[in-house]
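Engineer: have a look; sequence and predicted model below, questions after that.
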Amino acid sequence: MKIASFNINGIKARAEALPRWLDHANPDVVVLQEIKTVDEAFPREMFEERGYNVETHGQKSFNGVAILSKYPLEDVTRGLPGDDTDEQARWIEATVTGKRAIRICGLYLPNGNPVPGPKYDYKLAWMARMEQRARDLLASEEPAVMLGDYNIIPQAEDAARPEAWREDALFRLESREAFRRILNLGFTDAFRARHQGPGHYTFWDYQAGSWRRNDGIRIDHLLLTPQAADLLRDCQIDSSERAGDKPSDHVPIWADLDA
DNA sequence: ATGCCTCCCCGAGGGAGA
């Protein structure tokens, strides 16, 4: 089962690039971030005609997440538990069943800049809520994947110029500690289980020729419960998508699970 | 770099992104 994450930076703006990638990569399950539209305006047909079931958790103009799956999407939930007043659409879950049932959690973790300020406070509070959801997933002792745009650079090797990000909300120590706390509960970073060393990125800024200079950062991740990690066969970043026509500033990352 | 692009809103130019 090929499970992918892709921050598309606007579903309308990616009406050509996203289907092109789907037809080429043929993932079984995809979580999307920054669909930037309400559920009623999401172009479901574009995916249904390719054999995908579609579930969305949208919002006008900003944020918004979705799951596409060639398997039926069961027990769908929307929103990260822990704060009923949170109106930002950043979390969606569903169960897909191939050889095994896998709980899929698609997430768009807050950016958090500028630091300090209310947006950074929201990021850290959101990560504390995510940690509780992560604990509950582990307690289930079932295969589960939390994947999406984490807006976290885990280590210096995950940025071409780490010194430029030192006090940024994506890299400063407090952010990385919150990410590490979740990882240390018992999750596996699927990409790092398969690849070591620097130079692996999932985001390149549109500005200042970042792609041309390979000035990237690795901020899109798949975290696996132990039961999912046991099924891991492969994990890859489709970095060539960044060179296509009208690309997102993120590229897809996917894992192949024996499920 | 409190911003070099690109997205969204809509029908100008500002907020947001990372």
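Structural biologist: Yep, it's here.
Engineer: quick check, the residue in the stretch 51-200 of chain A closest to DNA strand B?
Structural biologist: The nearest approach of the stretch 51-200 of chain A to DNA strand B comes at A:Asn111, 3.6 Å away (CB to the nearest atom of the strand). C-betas here are computed from N, CA, C, even on glycine.
Engineer: any idea whether that residue is helix, strand or coil?
Structural biologist: Recorded secondary structure, A:Asn111: coil (DSSP: H, G, I helix; E, B strand; the rest coil).
Engineer: what are the phi and psi angles of the residue nearest to it when sequence neighbours are not counted?
Structural biologist: Closest residue to A:Asn111 apart from its sequence neighbours, by CB to CB, 6 or more residues apart in numbering: A:Asn151 at 5.1 Å. Dihedral angles of A:Asn151 (phi, psi; degrees, to the nearest 10) stand at phi 50, psi 40.
Engineer: the residue of the stretch 51-200 of chain A closest to DNA strand B touches A:Phe171, doesn't it?
Structural biologist: No - A:Asn111 is beyond contact range of A:Phe171, at 11.9 Å (criterion: CB atoms under 8 Å).
Engineer: how many neighbouring residues does A:Val115 have?
Structural biologist: 16 (other CB atoms under 10 Å).
Engineer: quick one, what contacts it?
Structural biologist: Counting by CB atoms under 8 Å, 6 or more residues apart in numbering, A:Val115 makes contact with A:167-169, A:172.
Engineer: DNA strand B contacts on the stretch 51-200 of chain A?
Structural biologist: A:60-62, A:110-111, A:113-114, A:119, A:149, A:151, A:170 (CB under 7 Å from any atom of the strand).
Engineer: could you turn the buried ones of those into a ChimeraX selection?
Structural biologist: Listed next is the ChimeraX selection for buried residues among these, using 16 or more other CB atoms under 10 Å:
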select /A:110,111,149,151,170
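Engineer: elements contacting the helix or strand where A:Asp256 lies?
Structural biologist: Using DSSP states H and E, A:Asp256 sits in strand A:253-257. Taking 3 or more CB pairs under 8 Å, 6 or more residues apart in numbering; DSSP states H and E as the contact definition, the neighbouring helices and strands of strand A:253-257 are strand A:2-7, strand A:144-149, strand A:220-224, strand A:232-237.
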